[in-house]
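1. any chance you could fold what I've pasted below:
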Amino acid sequence: MPRQPSASVRERILDAATDLFDRYGVHAVGMQRIIDEAGCGKQLLYREFGSKDELVTEYLHRCEGGWERSLAAALESGGQPEEQLVELVRLVGASVPGPRGCPIRNTYAEFPDEGHPVHRAAQEHFGTVREQVCELTRRTAAVDPERLADRILLIINGLFTTGSVLSTAENAKVAVELTQDVIAVETAAARVG
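-> Numbering: from 1, shown residues only. Next up is the predicted model:
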């Protein structure tokens, strides 16, 4: 039976790749650089990750954790769904990644070919995020929950886009206020009717 490398080897490689991809982008980082950074051999890297595409896809799945933690915390915050949406935007605004912005969005832009597995993985993430926000907006008093979800997602996408350039704290404050305004408008018809 072949020797299985420990899970820590896989994590060490993924840690090194994550650090490099976050700092320089996916296309700018070659596999040899990851091997050097992780302190592993080429054979070991390719035994753990069959290709760079597989490694990048795993990197994207790791990056999804930030969204999942923000969503879980917003849902656990209690209150009405409208308040949970505001909390979600607040949490996202407080956790916008460093100077390169959102790694999933950056990687998506680096792989524009719709048939590429990395592009598809990023696209699946965006679809999942939209469905999760829609699930939450369907519990509000909004007349058109999908429209409310799309508006909230525009705010969140704006945070990821401008957060790496402008003041994170100021962006988060403005995004929360805008979210409150959008929710008020979208649920007003239900309150009047």
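2. and residue 191, what pLDDT?
-> pLDDT recorded at residue 191 is 60.
3. ah, wrong one, I meant residue 100
-> Listed pLDDT for residue 100 reads 74.
4. residue contacts, the nearest residue to residue 136 once chain neighbours are set aside?
-> Take residue 136 and drop its neighbours on the chain: the residue closest to it by Cβ to Cβ, 6 or more residues apart in numbering is residue 81, 5.5 Å away. For glycine as for every other residue, the C-beta is placed from the backbone atoms N, C-alpha and C. For residue 81, the contacting residues are 136, 137, 139, 140, by Cβ atoms under 8 Å, 6 or more residues apart in numbering.
5. give me the PyMOL select line for those residues, limited to the buried ones.
-> Selecting only the buried entries of the contacts of residue 81 in PyMOL, with 16 or more other Cβ atoms under 10 Å as the criterion:
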select buried, resi 136+137+140
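6. from the contacts of residue 81, which land in helices?
-> Those of the contacts of residue 81 mapping onto helices are 136, 137, per DSSP state H.
7. ok, the contacts of residue 81 vs residue 19, which is closest?
-> Using Cβ to Cβ, residue 136 is the member of those that sits closest to residue 19, with 32.6 Å.
8. and the closest one, how far from residue 31?
-> Separation of residue 136 from residue 31 (Cβ to Cβ, to the nearest Å) stands at 40 Å.
9. break the protein down into its structural domains.
-> With domains defined by automatic domain parsing, the chain comprises 1-50, 64-192.
10. out of those, which is the most enclosed?
-> domain 64-192 (a mean of 17; mean count of other Cβ atoms under 10 Å).
11. tell me how far that domain lies from the chain's centre.
-> Distance, stretch centre to chain centre, for domain 64-192: 9 Å (Cα atoms, centre = their mean, to the nearest Å).
12. number the chain from 450, please
-> Yes, from this point I'll number from 450; that puts the last item at domain 513-641.
13. what about this structure, any weak spots by pLDDT?
-> The chain contains residues with pLDDT under 70 at 450-456, 547-548, 611-616, 639-642.
14. run the last query once more with 90
-> For the chain, the stretches with pLDDT under 90 are 450-456, 527, 543-551, 607-621, 638-642.
15. show me where the protein has helices.
-> 456-473, 480-487, 491-497, 501-525, 530-543, 552-559, 566-586, 594-611, 617-641.
16. which strands and helices sit next to the third one?
-> Contacts of helix 491-497 with other secondary structure elements, assessed using 3 or more Cβ pairs under 8 Å, 6 or more residues apart in numbering; DSSP states H and E, are made with helix 456-473, helix 480-487.
17. would you convert those helices into a markdown table that also reports distance to residue 558?
-> What follows is the helices and strands packed on helix 491-497, written out as a markdown table (distance: least, Cβ to Cβ, whole Å):
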| stretch | distance to residue 558 |
| --- | --- |
| helix 456-473 | 13 |
| helix 480-487 | 21 |
